[in-house]
Structure formats: C-alpha cells, structure tokens
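Peer 1: Quick one: sequence and predicted model below, then my questions.
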2 protein chains.
Amino acid sequence: MVTTSSAAALRGDPYDANCATRRILDRIGDRWTVLVVGVLGDGEARFSEIRRRVDGVSQKMLTQTLRGLERDGLVRRTVHPTVPVRVEYALTEAGRTLLEPLRALQKWSIEHLGDVSASQNAYDHAE
Amino acid sequence: MVTTSSAAALRGDPYDANCATRRILDRIGDRWTVLVVGVLGDGEARFSEIRRRVDGVSQKMLTQTLRGLERDGLVRRTVHPTVPVRVEYALTEAGRTLLEPLRALQKWSIEHLGDVSASQNAYDHAE
C-alpha cells in the first residue's frame, strides 16, 4: 500500500509538504549554491579559489554548501595524492544540468535590480 | 565619486558581497517564493487560497513572503471594499517575468528527485 506521503514523494510535488522536492528546492535556490555552482561552471576549482571568487562567504558556509552539493550528487570532490594533498571540486553531470536554471535566476536578479530597489524604496516611504 | 560598493550595486554582480543582487537572489530562490509565485501564476488568489495550495506554509511565513514580494514590486495586493473586505494577491508584470525561471527550478527539482535521493542515500551509507 502506498501512503499519501510516499505517493507525493514519488510523484514529485513541491506543493505537498511531505515531498522531498521541497528540500531540493531549498538547496538549489540557496544564494550560496547559485554562486558556487556558477563558479564551478567555469571548471574545477579548489576550496580557496571558490572562496576568493564568492566574496564574503565564510569558511563554514562554503564547507557546508560544498558538502551538501556533494551529498546531492551535484559536486564531485577529488583528492589528488600530492604533498600536500590537493582537493578539487567540480560539477558532476547532474550538477551541470543545474547551470542553466541557476544562470537564469542570476540573470533575473541582475536585470531586475533597478526595478526591485526602486519598488522597495517606494514601499518603505509610503505612509 | 563612485565607491566600490555602489559601483557593484549599479553593475549588478552577485559575486560581490556588497551587491543588492544577493538579497534579490535570497528572495527569489526561497522555497516559499517559488511556490507562492507558482500559485499566483494561475491567477489572482486570496490569502486563504494560497495557504491551502501551499501545503504546510504557516500563516506567519506566508504573510512574510507576500509582504516581501509586494515590497519588491512582484506581487500586487488589492483590497476590495466589500463587507467583509476581500483581499486579493496577484503577480505584477515584473512578477510574471519570474514565472519562467522559477518554473525551471521547480521542474529541475521534480526531474532530479530520484537521482538526488539516491545520491544522498549512498553518501550517508558510505564509510
């Protein structure tokens, strides 16, 4: 017998509170995910390089973001057995499919920055 | 004179910590925004209707999400002077431009649900 919640989980319906797509939405819509996936879209990179390019991300937050993406199968972490070891992060094939939707989000943010800021100003100064 | 931070704000660069596009990314990538904008994509709706369709959203969170979207100029709140008053929420023109990128995110979540879940399982059971 299929319960309501597992049926929702299989169907993939983010409007159902029990569906795992909600947690996936949380991951992929996250500010840091958008920026980190964007950096890795240019090719594999080390932790320090990603951190440099994503201005203002803390070590802890970047570690957490990369670990989450790795767990989701979207980023691959490769440890090269050099001395000292070199660790590289790269998008997996599944991770690459995220590039297009996330770039669209980023593009939207940039294109609508002026309108959104103007609207916020008007809202905040309305009586 | 244009300072570094205001230059970033004008250019629109989410990789710069000072740029307002980051806060916009936070709003539009938010789980509740994705779901609420999706509902309003079908037409204007009352608070109670949105709340019913977005399973599990709290009154407080939905209020906060709608107010944020209204402040950003993406949702319009109309108070009809009936007795009792009827309040309807609808996407503005700018809000409608969000439909496509947000639907792409939702679609991605649904399509990759199986792969992501399998990867999480494998990750959690690796030694």
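Peer 2: Arrived safely.

Peer 1: Sketch out the low-pLDDT regions of chain A for me.
Peer 2: Residue ranges of chain A with pLDDT under 70: A:1-11, A:127.

Peer 1: What are the boundaries of the strands in it?
Peer 2: Shown for chain A, the strands assigned by DSSP state E span residues A:45-46, A:75-80, A:86-91.

Peer 1: got the ones you listed as a markdown table, with mean neighbour count and distance to chain B columns?
Peer 2: In this view, the C-beta of every residue, glycine as well, is placed from N, C-alpha and C. Shown next, in a markdown table, are these (neighbours: other Cβ atoms under 10 Å in any protein chain shown; distance: least, Cβ to the nearest Cβ, whole Å):
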| stretch | mean neighbour count | distance to chain B |
| --- | --- | --- |
| strand A:45-46 | 14 | 13 |
| strand A:75-80 | 14 | 10 |
| strand A:86-91 | 16 | 13 |
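
Peer 1: Relative to residue A:37, which of those strands is closest?
Peer 2: Across the strands of chain A, residue A:37 has its closest neighbour in strand A:86-91 (6.8 Å, Cβ to Cβ).

Peer 1: so what's the most centrally placed residue in chain A up against?
Peer 2: The residue lying closest to the centre of chain A (Cα atoms, centre = their mean) is residue A:33, at 2.1 Å. Residues near residue A:33 by Cβ atoms under 8 Å, 6 or more residues apart in numbering or on different chains: A:27, A:65, A:68-69, A:102.

Peer 1: cool, residue A:65 as well?
Peer 2: Counted by Cβ under 8 Å, 6+ apart, residue A:65 has contacts A:30, A:32-33, A:36, A:57.

Peer 1: Can you tell me how far residue A:13 is from residue A:51?
Peer 2: Separation of residue A:13 from residue A:51 (Cβ to Cβ, to the nearest Å): 36 Å.

Peer 1: what about stretch A:114-127 and chain B, touching?
Peer 2: Yes: applying Cβ under 8 Å from any Cβ of the partner chain, one finds stretch A:114-127 in contact with chain B at A:115-120, A:122-124.

Peer 1: Can you list which of the residues you listed are found in helices?
Peer 2: Mapping the residues of stretch A:114-127 next to chain B onto helices (DSSP state H) picks out A:115-120, A:122-124.

Peer 1: end-to-end on stretch A:76-91?
Peer 2: End-to-end distance of stretch A:76-91 (Cα to Cα, to the nearest Å): 6 Å.

Peer 1: Which of the ones in helices among the residues of stretch A:114-127 next to chain B are buried? Put it as a ChimeraX command.
Peer 2: Remark: buried members of these, expressed as a ChimeraX selection using 16 or more other Cβ atoms under 10 Å in any protein chain shown:
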select /A:115,116,117,119,120
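
Peer 1: on that earlier part again, of the contacts of residue A:33, which pair is most distant in space?
Peer 2: Farthest-apart pair in those is A:68 and A:102; separation 14.6 Å (Cβ to Cβ).

Peer 1: Look at these two and report which has more neighbours.
Peer 2: residue A:102 (24 against 19; other Cβ atoms under 10 Å in any protein chain shown).
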